[in-house]
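J.: Show me how the following folds:
(2 chains)
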Amino acid sequence: MTLALTALFQGGSPAAEAGAAFVPFLPGLIVLLPLLGFLANGALALSHGRTSANAVRSGGELDLGDRASRPLTHTLPSLIGPGVMAVAFLLTLVNFSRALGASIEEPVVVHYWTWMATGTFTVDAALQLDQLSLLMMMIVTGVGFLIHLFSVGYMRDDSGYPRYFAYLNLFVFFMLVLVMGSSYALMFVGWEGVGLCSYLLIGFWFSDKEKSDAGKKAFIVNRIGDVGFLVAMFYLFTTFGTLDFVPIFEGSDALVYGGGLVTAITLFFFLGAAGKSAQIPLYVWLPDAMAGPTPVSALIHAATMVTAGVYLVARSSVLFALSPIGSATVAGVGVLTALFAATIALKQNDIKKVLAYSTVSQLGYMFVGVGVGAYAAGVFHLMTHAFFKALLFLGSGAVIHSMHHAYHHTHKHDDPQDMRNMGGLRAHMPITWITMWIGTLAIAGIWPLAGFFSKDEIIWQVAAFGGAATAPYPALYTVFWIIALAAALLTAFYMTRMMVMTFHGANRTGAEEAKHLHEAPAIMWVPLAVLAVASVFGGWINVPEALRNSFLGLGGALPMSEWLHHWLEPITARAHEVQLEHLGEVAHAAPIGGGEVAWAAISFLAAAAMVATAFKVVGAQKTVPAHDSPEPTGFAKVLYNKYYVDEFYDRFVVQPIVRASRFSWKVIDATLIDGTVNAVGWVSKGVGWGVSMFQTGNVSTYAFVLTLGVLAILGVSVF
Amino acid sequence: MITEALILSAILFVIGTFGMLVRRNAIIMFLCIELQLNAVNVAFVAFSNLYGIDGQIFVFFVMTVAAAEAAVGLAIIISIFRHYESVDVGNFNLLKW
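T.: This is a model prediction of the structure:
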């Protein structure tokens, strides 16, 4: 297959010089490996299923016994799960390094077979390898591998261990289909597949009603967004007659700038993206998704799946550039979500809930980036966020793991995720403490960590876009810019609050419990360390040109300026042409003056000041363990209860639907429809019974009726 | 001439029909059916005088079918008699509902 493909691509690109064309290396295998992992782990899970199910049904947990004497079903997944990911990551690395040394002017599309062909509509099973999909593959397989590794430590005492790895591998398979598919149809396959895996993994501990409900919530809220994705695809098909990326983007000149059609397409796509990437108004599922195992939150609900919406917008950059309303909606919803979620995160006590709202908020930033035409900046933040948020989630996983063990030892039933029960953990888990501080500083935007460069570029691009020569709504973008700056400060505050409550101050776990707190094993802290390194240096690949020679760029010492920007240029070139043509050059000064370097320095200093303030303020607060804590009051109560959005949705969306469904069920279905059907049955039964009375069995009666009948017929025909 | 023949035919047919309806004895009912068939035969023959030979040919067919019917019918009656020791049709009422 490789040979044939090599020949195909070398022969198929006449313009390429020898060695300059990008030749993909076994791209199909990258997708296939996680699927094989799923099949293998799935088979193990099934073979173990009955024992496991019986244990769950009888209300207890399966006693797995000693680690040394576990059955194969609970030892093999440790090899298969991370193993397939390691190989997939190595293959991706080969492809990526090949792509680095080659020039990819046009996306390389590897066709395998025709998936479906009806009339003029065909969908090929084909993978598209270009700068964007290669970058996404690196994130998915790289971060994915680390999280698989972490999972071995985190999940191996769980009775559903093989099932866990089966789902996790299946998720990676669908995520790769999502980012590598060469058409919207194939992307939708991955889109739905990751949604399914998300549902399965959120409800992984399905015997807990609350957790399986959280899974259902995620699935149903995502369905609402998927309607948007589908409608957008229908529009694209009626307009272009195809769903493949390449012909659609090449034919996008046919669309009218700012026209109704392209606006509808982008708005419907954004509805899909808002569902998958947890933006207002469909963000409510993500905080509940924390019911899943923590590595799942790291992989699916922080690093990869929830960024699919950003990927969708970046992939469709031409379409969004053609629709100023669509782009403004993306940016507006993004910035509002960033602020809204950040304020909620200020008052959450569950360590994972803080991180969940933080993720919603950071996803908002990514949408701001892609909404103001800074597609590379959005994808850049996607990448750095994948590093530091995966790090933070895995770190919280290590904390929860330790807390759980401590409570398990003393049979105490306190919440191991509640930060009010933590405090002073740095003495017990120094590695987790240090790596999580790195992640916190990165997300807070502290120079020179990854988050500083990516978030700052987005915020700057909002200002620059609003100041473009003929920007559509300049005042609006100024507001966006101010909100984005404010949300960045809140980020620094709530993240520091989380760190202080978890790791600093006095321990509140309990005297006996504290003896059992321990550092995570090596298989868990090594991924943390790797991600911490990536969170420190990840930002350096895309230092803005303006910062490069300033003190923020170490006076030119940072090696690569705007590398990611240039790397993604073939993807975003069309969008930038459109933008340049209709909006003109972006501004080089913020709305209230000051250049890029000045504002980068200001936001860094502000973030640093905020971290210091939060450290002092939260450190000075007297935090008491959860069961002694008073209920929050005033606005803090509103924030603690997440602005009552869930209650609002329940009252005005869920309950009306439930009532309407109940009405349809009880009245329309059970009474009306079933009644009609039953009535037809009863009538025929009654008529049949009545008519059967004529069958007397008496020959004379038959003869009499026969004669009467003949007479009647004769009478009718004669008279 | 034709009128008298048809009146005879009608009288025979009505007797046959009436016998069919009121009698309970299977043999008598059987005879009544034969009477009806032969009433029809009289009408056929009478009409063949007016409309040609077809009527008389039909009579042969009717007689043939009647003979066959008599064979089958008598056989059934005999086997019913062996079973019930009776030829009263009022007793044979199992085939209902």
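
J.: tell me, how many neighbours does the residue nearest to residue A:427 when sequence neighbours are not counted end up with?
T.: Distances taken as Cβ to Cβ, 6 or more residues apart in numbering or on different chains put residue A:507 closest to residue A:427, at 7.8 Å, once the chain neighbours are dropped. To be clear about C-beta, it is placed using only N, CA and C from the backbone, and glycine gets the same treatment. Residues lying near residue A:507 (other Cβ atoms under 10 Å in any protein chain shown) number 17.

J.: wait, is residue A:507 part of a strand?
T.: No: Residue A:507 is assigned coil when assessed by DSSP: H, G, I helix; E, B strand; the rest coil, not a strand.

J.: got the residues of the stretch 501-650 of chain A near chain B?
T.: Not one residue of the stretch 501-650 of chain A sits near chain B, judged by Cβ under 8 Å from any Cβ of the partner chain.

J.: and the next element down the chain from the helix or strand hosting residue A:319?
T.: Following DSSP states H and E, one finds residue A:319 within helix A:317-321. Note on helix A:317-321: by DSSP H and E, the next helix or strand toward the C-terminus is helix A:324-345.

J.: For that following helix, C-alpha coordinates in CSV please.
T.: These are the backbone C-alpha positions of helix A:324-345, laid out as CSV (Å, rounded to 0.1, in the frame of the first residue of the first chain):
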residue,chain,number,x,y,z
PRO,A,324,-18.6,39.0,9.1
ILE,A,325,-21.8,38.2,11.0
GLY,A,326,-20.8,34.6,11.5
SER,A,327,-17.3,35.6,12.6
ALA,A,328,-18.6,38.3,15.0
THR,A,329,-21.0,35.7,16.5
VAL,A,330,-18.2,33.3,17.0
ALA,A,331,-16.0,36.0,18.7
GLY,A,332,-18.9,37.4,20.7
VAL,A,333,-20.1,34.1,22.1
GLY,A,334,-16.5,33.1,22.7
VAL,A,335,-15.7,36.2,24.7
LEU,A,336,-18.9,36.1,26.7
THR,A,337,-18.3,32.4,27.5
ALA,A,338,-14.8,33.2,28.6
LEU,A,339,-16.0,35.8,31.1
PHE,A,340,-19.1,34.0,32.2
ALA,A,341,-17.3,30.7,32.9
ALA,A,342,-14.4,32.5,34.6
THR,A,343,-16.7,34.1,37.1
ILE,A,344,-18.3,30.8,37.9
ALA,A,345,-14.9,29.2,38.4
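
J.: angle of the very next helix or strand once past that helix against helix A:324-345?
T.: Per DSSP H and E, the first helix or strand lying C-terminal to helix A:324-345 is helix A:351-371. Angle of helix A:351-371 versus helix A:324-345, following axes from the mean of the first three to the mean of the last three Cα atoms, to 10 degrees, is 160 degrees.

J.: In CSV, list the C-alpha atoms belonging to helix A:351-371.
T.: Extracted as CSV, the C-alpha positions of helix A:351-371 are listed here (Å, rounded to 0.1, in the frame of the first residue of the first chain):
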residue,chain,number,x,y,z
ILE,A,351,-11.3,20.9,42.1
LYS,A,352,-12.5,19.4,38.8
LYS,A,353,-15.4,21.9,38.5
VAL,A,354,-12.9,24.7,38.7
LEU,A,355,-10.9,23.2,35.9
ALA,A,356,-14.1,22.4,33.9
TYR,A,357,-15.2,26.0,34.0
SER,A,358,-11.7,27.1,33.3
THR,A,359,-11.8,24.9,30.2
VAL,A,360,-15.1,26.4,29.0
SER,A,361,-13.5,29.8,29.5
GLN,A,362,-10.3,28.9,27.6
LEU,A,363,-12.4,27.4,24.8
GLY,A,364,-14.1,30.8,24.7
TYR,A,365,-10.7,32.4,24.1
MET,A,366,-10.0,30.0,21.2
PHE,A,367,-13.3,31.0,19.6
VAL,A,368,-12.4,34.6,20.1
GLY,A,369,-9.2,34.0,18.2
VAL,A,370,-10.8,32.2,15.2
GLY,A,371,-13.7,34.7,15.3
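
J.: Can you work out which other helices and strands pack against it?
T.: With contacts defined as 3 or more Cβ pairs under 8 Å, 6 or more residues apart in numbering or on different chains; DSSP states H and E, helix A:351-371 has these neighbours: helix A:285-288, helix A:294-298, helix A:308-315, helix A:317-321, helix A:324-345, helix A:375-410, helix A:450-466, helix A:474-503.

J.: For chain A, what lies in contact range of chain B?
T.: Residues of chain A lying near chain B (Cβ under 8 Å from any Cβ): A:692, A:695-700, A:703-704, A:707.

J.: picking that back up, any chance of the helices and strands packed on helix A:351-371 in a markdown table with mean pLDDT, distance to residue A:563 and mean neighbour count as columns?
T.: Supplementary listing: the helices and strands packed on helix A:351-371 in a markdown table, determined by pLDDT from 0 to 100; distance: least, Cβ to Cβ, whole Å; neighbours: other Cβ atoms under 10 Å in any protein chain shown:
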| stretch | mean pLDDT | distance to residue A:563 | mean neighbour count |
| --- | --- | --- | --- |
| helix A:285-288 | 94 | 31 | 25 |
| helix A:294-298 | 94 | 26 | 29 |
| helix A:308-315 | 95 | 17 | 26 |
| helix A:317-321 | 93 | 19 | 27 |
| helix A:324-345 | 94 | 24 | 24 |
| helix A:375-410 | 93 | 10 | 26 |
| helix A:450-466 | 90 | 11 | 28 |
| helix A:474-503 | 93 | 24 | 22 |
